[in-house]
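structure, please.
(one chain, ligands or ions: 4)
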Amino acid sequence: MPAPVATTVTSLMSAIADVGTDPVRGGYSRPVFSVAELSLREWFLSEAAARGLDTETDRNGIIWAWWNPGGLPLRDAVVTGSHLDSVPGGGAFDGPLGVASALVALDLMVTRGVRPRRPLALTVFPEEEGSRFGRACLGSLLLTGAMDPRVAAGLVDDDGVTFAELCSANGLEPAYLGRDDEALARLGCFVELHVEQGRGLVDLGGPVAVASSILGHGRWRLTFTGQGNHAGTTQLADRRDPMIPAARTVLDVRRIAHVHRGARATVGRLVPTPGGTNVIASRVDLWLDVRHPDDAVTERIVYEISEAAASAALREGCGVSMVEESLSGSVDFDRALRDRLRVDLPGVPVLPTGAGHDAGVLAAHVPTAMLFVRNPSGVSHSPAEHVEDADAESGAEALADVLTDLLTS
Ligand code: HGY
Ligand code: MN
Ligand code: MN
Ligand code: MN
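Ligands and ions are numbered 1, 2, ... in the order given. A predicted model of the protein is given here:
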């Protein structure tokens, strides 16, 4: 391996600080396979090449960068990494922090003379946010066979581009999308470092935490249909305006969530069609995100919301349909691995998260763990997301300690 590349997480993050900035929304907008995300993928590949790593992009668009100085068989590998795509107007750290920290953790291990007894892979997963095609963790769902590749190939973005077309445009064969047993056979365990999306560490006063669990969560799309018409020539009594039941449903989502302790239900996206100021919409699409520790309660909440939406639509002479876009049950991370990380990182707290991650998908297949790095704002999916330089370096140090244990014992 070439001489260790002396980096810090801060220097790597500042090198990509201008990629995908969104002048309209603020923050970053890096949809999967967009110019911004593709340039981050190139950035990662060049950082990996500078470290002499063997890189490959697999059939599902996942990048694997291998550190295997002993030329060991690619099995029982320790794998770390995260994602480079973002939500619209997201923060700088959600995803990229885990990728940059993996590179620095490797540099630290090389500098310390660590001699791995199994291969290490640094990975980048596509479409973790599901911002372009509506399915969070699309790459890891395909890798593990948790998603039908034909459904994935047919997913369409807001511009009418299918995932299959985008894959073809980026050198991936849509017909090969899907469960990758060869890649899964290499996986021994997976550790993802991620910015904390909440204030747990701020209140506990530490830079790093180990994750205990991921809240079950899902996404649904409700489509209200009415009669598009002229805003100025249509009497109120003659209207079938889908915006009205959609608006009522937004308020019902909050009302119903309050009934179920611990529920988090959100309408973050509401799109009228055609969307003219002087036009009564013909349809309104509303996207619902519901999360709860108990999957049965999530189901109950969604049922109550669907009932409320149906009666609101009926009242306005409108139609409504509802489609489940994705659903992931709550995840408890592998206790043995989690306890092992607590030995590697004495005194580090263990915290749950309400955010989904590729680690949550992989947890069903291999021992999986997550490390969180303090976010003083506690805010995420927003430009206000933040990590102090010192905490970013502490996170990479912690990841290096954990990876060293997993690679050498
Ligand atoms: O939505 C989430 O929980 C994650 O940030 N994809
Ligand atoms: Mn993330
Ligand atoms: Mn996110
Ligand atoms: Mn006109």
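
can you report phi and psi for the nearest residue to Leu72 once chain neighbours are set aside?
Closest residue to Leu72 apart from its sequence neighbours, by CB to CB, 6 or more residues apart in numbering: Pro119 at 5.5 Å. In this view, the C-beta of every residue, glycine as well, is placed from N, C-alpha and C. Pro119 has phi and psi values of phi -70, psi 160 when expressed as degrees, to the nearest 10.

repeat that for Pro274.
Main-chain torsions, Pro274, degrees, to the nearest 10: phi -80, psi -10.

how much space separates it from Ala313?
Pro274 sits 19 Å away from Ala313, going by CB to CB, to the nearest Å.

more crowded one of those two?
Neighbours per residue (other CB atoms under 10 Å) separate Pro274 from Ala313, with Ala313 holding more: 25 against 10.

residues in the protein within reach of ligand 1, list them.
By CB under 6 Å from any ligand atom, the residues of the chain that approach ligand 1 are Glu128, Glu129, Ala136, Ala355, Gly356.

helix, strand or coil: sort out the second one for me.
Going by DSSP: H, G, I helix; E, B strand; the rest coil, the secondary structure assigned to Glu129 is coil.

can you tell me the closest non-neighbouring residue to it?
Val87 is the one closest to Glu129 (CB to CB, 6+ apart), at 5.0 Å.

can you get me a residue count around that neighbour?
Applying other CB under 10 Å, we find 23 residues neighbouring Val87.

that one: which element?
Element membership for Val87 (DSSP states H and E) is empty, with no helix or strand holding it.

got the residues of the chain next to ligand 1 as JSON lines, with pLDDT and distance to Val320 columns?
Listed next are the residues of the chain next to ligand 1 as JSON lines, based on pLDDT from 0 to 100; distance: CB to CB, whole Å:
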{"residue": "Glu128", "pLDDT": "98", "distance to Val320": "30"}
{"residue": "Glu129", "pLDDT": "98", "distance to Val320": "26"}
{"residue": "Ala136", "pLDDT": "96", "distance to Val320": "24"}
{"residue": "Ala355", "pLDDT": "97", "distance to Val320": "29"}
{"residue": "Gly356", "pLDDT": "97", "distance to Val320": "26"}
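
you'd agree Val361 is in a strand?
No: per three-state DSSP, Val361 lies outside any strand segment and is helix.

and it, how many neighbours?
27.

and if you look at Val24?
Neighbours of Val24 (other CB under 10 Å): 7.

again, but for Arg335
Arg335: 10 neighbours (other CB under 10 Å).

repeat for the one 10 residues further on
Residue neighbour count, defined by other CB under 10 Å, stands at 21 for Leu345.

that one touches Val208, doesn't it?
Yes: look at Leu345 against Val208 with CB atoms under 8 Å: they come within range, at 6.5 Å.

I'd like the distance between Thr266 and Gly354.
Separation of Thr266 from Gly354 (CB to CB) stands at 11 Å.
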